[in-house]
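> next one to model:
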Amino acid sequence: MTPIKTMSDIKALDACCGSKMFWFDRDNPAVLFIDNRELDCELCDGRILSIHPDLIADFRDMPFEDKRFSLVVFDPPHLVQLGVNSWMAKKYGVLDKDWQVDIKKGFRECMRVLKDDGVLIVKWNEQQITLKDFLHAVGVKPLFGNRMKGTKSIWLVYMKGVLADD
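Reported below is the predicted structural model:
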């Protein structure tokens with residue numbers, strides 16, 4: 001049974017949760033999961049993809065007050081060259097041709113809703129857009145990060161209050 005979430009218990013935000021693939025507890029009552037879509041579909045290998053956020057919201061314009069969360073996770077879509085109805089588009093989402101603007105808006109929104117000294121975790125995948133281009137779009141270097149061995153995924157860590165443009 002999914003626990004009932006109350007805003008007073010929520011400490012963390014997943015700003016583009018998708019199917020919550022990397023979460024150990026996909027129903028954690030301390031995490032608010034948002035996405036701009038809700039979806040159930042069958043993938044090419046027969047598995048069912050379920051995207052059911054706690055709240056339908058756009059990462060570029062989130063409905064939260066400033067400095068609300070201690071931790072924000074930002075794993076935005078990272079693909080631009082996909083058919084809108086492809087299984088990868090359904091699983092990961094698709095960025096449009098103005099992806100740099102959308103990513104910058106999303107990053108800024110994540111920082112806005114992050115408490116002072118809060119931590120922002122970003123997951124990026126270089127399948128179609130390089131880390132260099134992502135970092136250029138957001139305009140802020142992370143404190144540190146880690147490339148996942150054998151994949152094109154990279155985890156980046158930011159802390160509000162210790163960035164050059166804070």
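> flag every buried residue along stretch 65-82.
Using 16 or more other CB atoms under 10 Å as the test for burial, stretch 65-82 gives R68, F69, L71, V72, V73, F74, D75, P76, P77, H78, L79, L82. In short, each C-beta sits where N, CA and C put it, glycine included.
> scratch that, stretch 103-118 is what I was asking about
Buried residues in stretch 103-118 (16+ other CB under 10 Å): I103, K104, K105, G106, F107, E109, C110, M111, V113, L114, K115, G118.
> report pLDDT for the second one.
What the model reports for K104 is a pLDDT of 97.
> work out the gap between stretch 59-73 and the centre of the chain.
Put simply, stretch 59-73 sits 11 Å off its chain's centre (CA atoms, centre = their mean, to the nearest Å).
> among the buried residues of stretch 103-118, which are in helices?
Using DSSP state H, the subset of the buried residues of stretch 103-118 located in helices is I103, K104, K105, G106, F107, E109, C110, M111, V113.
> identify the farthest-apart pair in the buried residues of stretch 103-118.
Spanning the widest gap among the buried residues of stretch 103-118 are I103 and K115, at 22.1 Å by CB to CB.
> and the contacts of the least confident helix or strand in the chain by mean pLDDT?
Every helix and strand in the chain was compared by mean pLDDT, DSSP states H and E; the lowest is helix 87-92, with a mean of 74. By CB atoms under 8 Å, 6 or more residues apart in numbering, the residues outside helix 87-92 that reach it are G18, S19, L39, C41, L43, C44, L49, P77, H78, L79, L82, G83.
> A helix includes the fourth one, no?
No. Assessed with DSSP: H, G, I helix; E, B strand; the rest coil, C41 is strand; it does not lie in a helix.
> no further queries at this time; thank you.
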